[in-house]
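Asker: Structure for this input, please:
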Amino acid sequence: MDDLPYTIRPLFSDPDCDRLLSPSQAGDTNAEHSLHFNQNEDFFIRLKSDIHVPSIPVHHDVRVLEPSEEYLGALRQVLAQVKGLLPQALSGLSYFFDPTDIAHPSFYKIFKAESAFYLYLFRFDLSFRPQSCRLINPGNNDYRAEFLSNDLYLDSELIPLELVEADAGRPLAFHVRQSVSQTWIGETGKGYMLRGIWMDAGLSKFFTKLFLPPGKSLYPYYPLFCKYKSICHMGPRLDSESRREDLALFHRQANFLYPRMEAIQKALKSKEFSESMSEFIELKKRVPESWYEALSRYQVRAYLNDADMKEYQLEYRA
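Answerer: Residues are numbered from 1 along each chain as shown. As a prediction, this is how the structure comes out:
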């Protein structure tokens, strides 16, 4: 079939990486870590030990669908360290190479809830961040910096799928289920100051606030968010049991939202999101109060880091 606007293709895998990702032995647990967002709302985990990130090439021709051995060697070094500290986070996942974004290695697993399929996509960041990293060797035009850091920036996403293409059991393409028709609203400003207006942020707020107790905020954490023109879920707890819990919760929430998406989008095209919107109030009345319990276990605390920059810690109460 023709590609939908958002199709994820795991075209290249590496057996050595997948061996590192094999299920952990019974009793293996993730090392102690905490959950954070920086002032730009980027999610990261703070580990008790540093990870050494070797220098990797800056450039890659997107037409070349396989990585170089040099890149794979560096990735395996990082992967072994991450697996040692976070065995459950990577256990049972598969690696694939994205030639358009070599700084964010991608790992995935397919889940099924009733008749619906979901892609779990886990990616971490190999980029040097001055505020979070200790430099070993500076980069240049051809190679990224080599550094140490105990802050691991990552994405942990559940994405609903329309279709999984496969050949002899090997996945070839994941077609995202798109429940958002158009996130572009219009433009504002003039000349060089002209900029687009998008409703992605408003949708993310609408989705998340709908399933939170009234008045509660988890900013900057939006467990339900708009991406790929779809409703997605961000799961910060990086173990297999939590992923299963997140899947069951997200499946229920998404099925509640799908038949109401047209009305939600129509409301946000004419006004910014607010909990006082009549459309939001009416829809929230239809959410059973018992559904608030799962997300009410999260709390967010703002603080200043060692560089006097604002960060947020996300805490979970079991």
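
Asker: got any ranges where the stretch 1-150 of the chain has weak pLDDT?
Answerer: 1-5, 24-28 (pLDDT under 70).

Asker: got the residue ranges for the strands in the stretch 1-150 of the chain?
Answerer: With DSSP state E, counting those that start in this stretch, the ranges of strands along the stretch 1-150 of the chain come out as 7-8, 33-37, 43-53, 94-96, 106-113, 116-124, 134-137, 146-167.

Asker: export these to JSON lines and tack on distance to residue 313 and mean neighbour count?
Answerer: For glycine as for every other residue, the C-beta is placed from the backbone atoms N, C-alpha and C. Formatted as JSON lines, the strands of the stretch 1-150 of the chain follow (distance: least, C-beta to C-beta, whole Å; neighbours: other C-beta atoms under 10 Å):
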{"stretch": "strand 7-8", "distance to residue 313": "31", "mean neighbour count": "18"}
{"stretch": "strand 33-37", "distance to residue 313": "5", "mean neighbour count": "18"}
{"stretch": "strand 43-53", "distance to residue 313": "9", "mean neighbour count": "18"}
{"stretch": "strand 94-96", "distance to residue 313": "30", "mean neighbour count": "20"}
{"stretch": "strand 106-113", "distance to residue 313": "25", "mean neighbour count": "17"}
{"stretch": "strand 116-124", "distance to residue 313": "19", "mean neighbour count": "20"}
{"stretch": "strand 134-137", "distance to residue 313": "21", "mean neighbour count": "12"}
{"stretch": "strand 146-167", "distance to residue 313": "12", "mean neighbour count": "18"}
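
Asker: Quick one: closest of those to residue 209.
Answerer: Nearest to residue 209 among the strands of the stretch 1-150 of the chain is strand 33-37 (17.6 Å), distances taken as C-beta to C-beta.

Asker: and the angle from that closest one to strand 43-53?
Answerer: If you take axes from the mean of the first three to the mean of the last three C-alpha atoms, to 10 degrees, strand 33-37 sits at 120 degrees to strand 43-53.

Asker: what lines up beside strand 33-37 in the sheet?
Answerer: Within its sheet, strand 33-37 is paired with strand 43-53 (antiparallel), strand 310-316 (antiparallel), according to DSSP bridges.

Asker: and stretch 258-276, which residues are buried?
Answerer: Applying a neighbour-count criterion of 16 or more other C-beta atoms under 10 Å, one finds 261, 264-265, 267-268, 273 buried in stretch 258-276.

Asker: Please name the residues that touch residue 49.
Answerer: Contacts for residue 49 (C-beta atoms under 8 Å, 6 or more residues apart in numbering) come out as 31, 85, 150.

Asker: Including distance to residue 216, could the strands of the stretch 1-150 of the chain go into a markdown table?
Answerer: A markdown table is the format used below for the strands of the stretch 1-150 of the chain (distance: least, C-beta to C-beta, whole Å):
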| stretch | distance to residue 216 |
| --- | --- |
| strand 7-8 | 33 |
| strand 33-37 | 17 |
| strand 43-53 | 19 |
| strand 94-96 | 36 |
| strand 106-113 | 26 |
| strand 116-124 | 26 |
| strand 134-137 | 37 |
| strand 146-167 | 22 |
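
Asker: Those strands: which one's closest to residue 244?
Answerer: Per C-beta to C-beta, nearest to residue 244 of the strands of the stretch 1-150 of the chain: strand 106-113, 8.1 Å.

Asker: other SSEs contacting the closest one?
Answerer: strand 94-96, strand 116-124, strand 146-167, strand 170-176, helix 240-257 (3 or more C-beta pairs under 8 Å, 6 or more residues apart in numbering; DSSP states H and E).

Asker: Throw these into CSV and include distance to residue 109, thanks.
Answerer: Output for the helices and strands packed on strand 106-113, formatted as CSV (distance: least, C-beta to C-beta, whole Å):
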stretch, distance to residue 109
strand 94-96, 7
strand 116-124, 5
strand 146-167, 10
strand 170-176, 10
helix 240-257, 8
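
Asker: So which of the ones you listed is nearest residue 38?
Answerer: Of the helices and strands packed on strand 106-113, nearest to residue 38 by C-beta to C-beta is strand 146-167, at 8.4 Å.

Asker: Can I get that closest one in PDB? Just the C-alpha atoms.
Answerer: Extracted in PDB, the C-alpha atoms of strand 146-167 (Å, rounded to 0.1, in the frame of the first residue of the first chain):
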ATOM      1  CA  GLU A 146      33.000  12.600  23.200                       C
ATOM      2  CA  PHE A 147      31.500  13.100  26.700                       C
ATOM      3  CA  LEU A 148      30.400  11.600  30.000                       C
ATOM      4  CA  SER A 149      26.900  12.200  31.500                       C
ATOM      5  CA  ASN A 150      24.600  10.700  34.000                       C
ATOM      6  CA  ASP A 151      21.600  12.500  32.400                       C
ATOM      7  CA  LEU A 152      20.100  10.300  29.600                       C
ATOM      8  CA  TYR A 153      17.600  12.200  27.400                       C
ATOM      9  CA  LEU A 154      15.100   9.900  25.800                       C
ATOM     10  CA  ASP A 155      11.700   9.300  24.200                       C
ATOM     11  CA  SER A 156       9.400   6.600  25.500                       C
ATOM     12  CA  GLU A 157       6.300   6.500  23.300                       C
ATOM     13  CA  LEU A 158       3.300   4.400  22.600                       C
ATOM     14  CA  ILE A 159       1.900   5.000  19.100                       C
ATOM     15  CA  PRO A 160      -1.400   3.600  17.700                       C
ATOM     16  CA  LEU A 161      -1.000   1.800  14.400                       C
ATOM     17  CA  GLU A 162      -3.300   1.500  11.400                       C
ATOM     18  CA  LEU A 163      -1.300  -1.300   9.900                       C
ATOM     19  CA  VAL A 164       1.800  -3.400  10.400                       C
ATOM     20  CA  GLU A 165       3.400  -4.600   7.100                       C
ATOM     21  CA  ALA A 166       5.500  -7.700   7.500                       C
ATOM     22  CA  ASP A 167       7.300 -10.300   5.400                       C
END
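
Asker: Alright, calling it a day.
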